[in-house]
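sequence first, predicted coordinates after that:
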Amino acid sequence: MPLALRAAPLELPAPRNLQLEAVEMARSDKPMVVLYSQSGCHWCEEARTYLVPMSRETGSRDAALYRQIDLDSDAPLVDFQGRRGTQRSFAERERVRFTPTVVVYGPRGERLAEPIVGMRLADFYGQYLEQAIATARERLSAVPR
């Protein structure tokens, strides 16, 4: 990984209103890649070493939106249906229990690829992410307008 990327903070933006972000997703035909994380999760930090550079590099940045939801956060969050809650309550409704978990969503809050739970094989993690995004984009493009 280039030194400049290592020096940059390894953070993904936290969503505040998924319903509003869904409008952008639908307009641009971009899925949303969500990293479910929690404090003290070493493997979550490792997942961010893949996802943060992807969120900044032109090709992958243009392919999806990248966000992070923390299982242990009570930060406010409006879900895809407009319900108000917290990051924690959203993760519970989504039945995400393990971190890191990556879920790729469409604009209606539908899951567009198999979730990536854990780090699996770290050597292939980037490929798992790229494949999930490619699958999501194919499914989005197949939806009639």
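Okay, I see it.

ok, the residue nearest to the spatial centre of the chain - contacts?
In the chain, the residue lying closest to the centroid (Cα atoms, centre = their mean) is Val34, at 1.6 Å. Contacts of Val34 were listed using Cβ atoms under 8 Å, 6 or more residues apart in numbering, and they are 15, 67-69, 102-105. C-beta here means a position set from N, CA and C on the backbone, and glycine is covered the same way.

redo those as CSV? Include secondary structure, neighbour count and pLDDT.
Compiled in CSV, these are given as follows (DSSP: H, G, I helix; E, B strand; the rest coil; neighbours: other Cβ atoms under 10 Å; pLDDT from 0 to 100):
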residue, secondary structure, neighbour count, pLDDT
Pro15, coil, 22, 96
Arg67, strand, 20, 98
Gln68, strand, 24, 98
Ile69, strand, 25, 98
Val102, strand, 27, 98
Val103, strand, 23, 98
Val104, strand, 25, 98
Tyr105, strand, 24, 98
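
among these, which one sits closest to Leu112?
Leu112 lies nearest to Val104 out of the contacts of Val34, by Cβ to Cβ, at 5.0 Å.

so which bits of the longest helix along the chain are buried?
Once the chain is assigned using DSSP state H, the helix that runs over the most residues is helix 125-141. Within helix 125-141, the residues that count as buried by 16 or more other Cβ atoms under 10 Å are 125, 128-129, 132-133, 136-137, 139-140.

looking at the contacts of Val34, which is nearest Met25?
Tyr105 (7.9 Å).

how near is the closest one to Arg111?
Tyr105 sits 6 Å away from Arg111, taking Cβ to Cβ, to the nearest Å as the criterion.

wait, what's in contact with the nearest residue to Leu35 once chain neighbours are set aside?
Residue nearest to Leu35 in three dimensions, not counting chain neighbours: Gln68, with 4.7 Å by Cβ to Cβ, 6 or more residues apart in numbering. Neighbouring residues of Gln68 by Cβ under 8 Å, 6+ apart: 11-14, 34-37, 48.
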